[in-house]
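Peer 1: need a 3D model of the following:
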Amino acid sequence: MVQGDFGATKIMVDYCLSKGIIPIYSTTERKVTEEKLGEKIRLSREFEHVMYRKYKSGVF
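Peer 2: Below is the predicted model:
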């Protein structure tokens, strides 16, 4: 799995593809809830894994 800093990700994806390795990345669904507490607002974020996707040649 290759994710993170854009430049480093590009280098690693290119390397994997050149070696016949299939690079993948994870996608998530973000659920945000908002709760008002008097004068304050509390935000809560929940991330849930959805699926893995393959990088393709020429993506960058």
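Peer 1: can I get the CA coordinates of the helix or strand of the chain with the lowest mean pLDDT in CSV?
Peer 2: Least confident helix or strand of the chain, by mean pLDDT, DSSP states H and E, is helix 6-18 with a mean of 93. The C-alpha atoms that make up helix 6-18 are tabulated as CSV, following Å, rounded to 0.1, in the frame of the first residue of the first chain:
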residue,chain,number,x,y,z
PHE,A,6,2.5,13.4,-2.9
GLY,A,7,6.2,13.4,-4.2
ALA,A,8,7.2,10.3,-2.2
THR,A,9,4.0,8.5,-3.3
LYS,A,10,4.7,9.3,-7.0
ILE,A,11,8.3,7.9,-6.7
MET,A,12,7.1,4.7,-4.9
VAL,A,13,4.2,4.1,-7.4
ASP,A,14,6.6,4.6,-10.4
TYR,A,15,9.1,2.2,-8.7
CYS,A,16,6.4,-0.5,-8.0
LEU,A,17,5.1,-0.3,-11.6
SER,A,18,8.6,-0.6,-13.0
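Peer 1: strands of the protein, start to end?
Peer 2: 24-37, 40-54 (DSSP state E).
Peer 1: in its sheet, what does the shortest one sit against?
Peer 2: Strands flanking strand 24-37 in the sheet, each with its direction: strand 40-54 (antiparallel) (DSSP bridges).
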